[in-house]
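Engineer: Got a predicted structure here, sequence first:
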Amino acid sequence: MSLAEAREPDRGVTAERLRSAMGHFATGVTVVSAISHDGIPYGSTANAVSSLSLEPPLVLVCLRRASATLAVLLDTGRFALNILDAGQEALARRFAHTAKGLGWSGVEHRPGVSGVPLIVSALAKIEADVYQLADGGDHRIVIGRVLEVEHPAEHVEPLLFYRGAYAGLTPPGWPGA
């Protein structure tokens with residue numbers, strides 16, 4: 001029993017209500033990538049991602065327990081965050097539905113310093129070793145110690161996820177859109 005369960009009775013918050021409320025929090029979109037010991041690349045779209053610490057450099061990502069990508073990164077101890085730009089919605093959708101095989105077909109990628117696949121066209125790339133794991137209900141919380149980062153110096157519009165849909169920084173119809 002968690003501390004919250006010991007203090008509070010169940011208030012009946014359903015998954016749908018929580019998803020709807022959290023949908024108001026815009027997030028960036030990434031493809032978490034890993035490579036199996038036999039060289040097969042895996043990837044999963046994830047938006048539950050955060051910078052966690054600067055000293056030491058840590059990132060956090062949450063992946064479904066059933067994720068094939070999660071299984072591979074736990075087995076190998078390494079992964080990358082490929083941060084997507086506003087023009088990469090199709091890539092986000094592709095990796096939301098498949099982890100290997102066709103998911104990587106036609107996606108230009110290269111090995112990073114740790115050997116994990118990096119999507120060449122990704123806005124930014126962060127490679128990490130698994131540092132710590134935590135239970136996250138139907139997800140696992142993976143904390144990674146950052147090994148390497150790549151990103152452009154200029155501003156590039158990121159791909160966002162907001163209220164169940166992909167979005168940009170300036171919603172359609174707003175001034176300047």
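Structural biologist: Cool, got the structure.
Engineer: Just list the residues touching T45, thanks.
Structural biologist: Counting by CB atoms under 8 Å, 6 or more residues apart in numbering, T45 touches V29, T30, V31, V32, A92, R93, F95, A96. Quick note: C-beta positions are derived from backbone N, CA and C, even for glycine.
Engineer: Now do the same for the closest residue to V116 other than its chain neighbours: helix, strand or coil?
Structural biologist: Of all residues not flanking V116 in the chain, A80 sits nearest, at 4.5 Å (CB to CB, 6 or more residues apart in numbering). Assigned by DSSP: H, G, I helix; E, B strand; the rest coil, the conformation of A80 is strand.
Engineer: L18 too?
Structural biologist: Assigned by three-state DSSP, the conformation of L18 is helix.
Engineer: so how far is C62 from it?
Structural biologist: Counting by CB to CB, to the nearest Å, the gap from L18 to C62 is 14 Å.
Engineer: about what we covered before: what's around the residue nearest to V116, how many residues?
Structural biologist: Per other CB atoms under 10 Å, the neighbour tally for A80 reads 32.
Engineer: residue contacts, it?
Structural biologist: Contacts for A80 (CB under 8 Å, 6+ apart) come out as V32, S33, A34, G112, S114, V116, P117, L118, K125, I126, E127, A128.
Engineer: State the distance from the first one to V142.
Structural biologist: When distance is defined by CB to CB, V32 is 8 Å away from V142.
Engineer: Return every residue with contacts to both of those two.
Structural biologist: V61, L63, L73, F79.
Engineer: Name the nearest of these relative to G87.
Structural biologist: Lowest distance from G87 to those (CB to CB) belongs to V61, with 22.5 Å.
Engineer: Does that closest one lie in a helix or a strand, and which?
Structural biologist: Assigned by DSSP states H and E, V61 belongs to strand 58-64.
Engineer: helices and strands around whatever helix or strand comes next after that strand, which ones?
Structural biologist: Next helix or strand after strand 58-64 toward the C-terminus (DSSP H and E): helix 68-76. Judged by 3 or more CB pairs under 8 Å, 6 or more residues apart in numbering; DSSP states H and E, helix 68-76 is in contact with strand 30-35, strand 41-46, strand 58-64, strand 124-136, strand 139-150.
Engineer: And the contacts of stretch 47-54?
Structural biologist: 27-30, 32, 58-62, 81, 139, 143, 161.
Engineer: just those residues now: which is nearest A68?
Structural biologist: For those, with A68 as the reference and CB to CB as the criterion, the closest is V32, at 11.2 Å.
Engineer: was I right about that closest one contacting S44?
Structural biologist: Yes. Counting by CB atoms under 8 Å, V32 does reach S44; the two are 5.2 Å apart.
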